[in-house]
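In: have a look at this prediction, sequence included:
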Amino acid sequence: MSTSQIAFLKGHGTENDFVIVPDPDNALTLPAALVARLCDRRAGIGGDGLLHVVRSAAHPEARSMADEAEWFMDYRNADGSIAEMCGNGVRVFAHYLQRAGLVEEGDLTVATRGGAKRVHLAKNGDITVSMGQALLPEASVTVSVDGRSWPARNVNMGNPHAVAFVDDLDHAGDLFTAPPFTPEAVYPEGVNVEFVVDRGPRHVGMRVHERGSGETRSCGTGACAVAVAAARRDGADPVVTGLPVTYRVDLPGGTLVITEHPDGAVEMTGPAVIVAEGVIDPAWLETA
């Protein structure tokens with residue numbers, strides 16, 4: 001790693017937080033160990049992940065999308081591993097582009113490893129991301145915590161979710177460890193588990209255990225899965241009725257608004273915040 005200075009920003013979307021590294025020409029090498037150190041909350045800047053901001057034409061994984069999307073979100077998990085997509089991350093990524101004067105309010109497309117994602121930057125600061133369609137596998141699931149068990153709706157938003165409706169969010173326990181589920185064969189690679197309570201008409205609150213991370217302050221795909229599961233529970237299916245359905249979803253880190261459209265597309269709307277910017281110390285980089 002060169003000792004030249006690297007600029008960074010810190011941002012979050014409903015308290016799902018990220019280190020942002022602008023690198024339009026893809027000139028930086030970001031090995032997994034360095035990303036993990038940058039995301040370390042004690043030894044580094046701290047974040048749930050890293051947003052590497054690169055022009056699509058400059059990145060071999062995104063060149064095929066360059067005509068559709070000028071910018072590529074090269075997303076990394078906090079452990080340094082590469083990930084396809086992060087819904088909250090896309091909002092923060094788009095907010096950074098607007099803040100830096102690289103895009104204007106309105107519609108844009110962001111390239112990700114999960115495909116090109118449509119984004120809308122509203123005048124009031126809210127950002128809407130098209131999250132694709134939900135799949136609803138037929139397999140039934142039961143999740144358990146501290147002797148209680150609930151039936152859970154199986155929802156896939158590109159990653160697997162088990163959505164359980166409960167009377168009290170405290171019934172989810174500490175969520176440090178993954179809640180057991182049966183049958184285990186339904187989710188051979190683990191699952192994100194959402195616990196949901198009703199707070200009003202088309203308004204729910206949730207907590208989530210994200211596989212591999214424990215409880216997180218916010219999960220964009222989880223909020224989408226919860227809204228779709230709540231709609232079906234409430235007898236609403238936009239594909240059947242031809243009418244969109246919108247749910248307000250409260251998470252520990254804030255509120256997201258999820259709309260499912262008659263064509264099956266699910267949109268997520270929420271805030272994005274930049275909290276700081278600076279330069280990484282070259283001497284620290286050498287040791288990292």
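Out: Cool, got the structure.
In: hey, where'd the strands end up in the stretch 51-200 of the chain?
Out: Assigned by DSSP state E, counting those that start in this stretch, the strands in the stretch 51-200 of the chain fall at 71-77, 106-112, 115-121, 127-133, 141-145, 148-156, 160-165, 181-182, 192-200.
In: take those and lay them out in a markdown table including mean neighbour count and mean pLDDT.
Out: In short, each C-beta sits where N, CA and C put it, glycine included. Shown next, in a markdown table, are these (neighbours: other C-beta atoms under 10 Å; pLDDT from 0 to 100):
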| stretch | mean neighbour count | mean pLDDT |
| --- | --- | --- |
| strand 71-77 | 24 | 95 |
| strand 106-112 | 19 | 97 |
| strand 115-121 | 19 | 95 |
| strand 127-133 | 21 | 96 |
| strand 141-145 | 19 | 97 |
| strand 148-156 | 19 | 97 |
| strand 160-165 | 25 | 96 |
| strand 181-182 | 16 | 96 |
| strand 192-200 | 21 | 97 |
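In: closest one to residue 212 among those strands?
Out: strand 71-77 (8.5 Å; C-beta to C-beta).
In: if you count contacts, what does that closest one end up packed against?
Out: helix 32-39, strand 49-55, helix 87-99, strand 106-112 (3 or more C-beta pairs under 8 Å, 6 or more residues apart in numbering; DSSP states H and E).
In: mind listing what's buried along stretch 8-19?
Out: 8, 9, 10, 11, 12, 13, 14, 16, 17, 18, 19 (16 or more other C-beta atoms under 10 Å).
In: bridging residues for the third one?
Out: Listed beta-bridge partners, residue 10: residue 19, residue 276 (assigned using DSSP bridges).
In: go ahead and confirm it touches residue 17.
Out: Yes. Counting by C-beta atoms under 8 Å, residue 17 is a contact partner of residue 10 at 6.9 Å.
In: next, show the common contact partners of these two.
Out: Common contact partners of residue 10 and residue 17 (C-beta atoms under 8 Å, 6 or more residues apart in numbering): 46, 47.
In: could I get the contacting residues of residue 119?
Out: By C-beta under 8 Å, 6+ apart, the neighbours of residue 119 are 90, 91, 94, 107, 108, 109, 110, 127, 128, 129, 130.
In: so how far is residue 44 from it?
Out: From residue 119 over to residue 44 the distance is 28 Å, taken as C-beta to C-beta, to the nearest Å.
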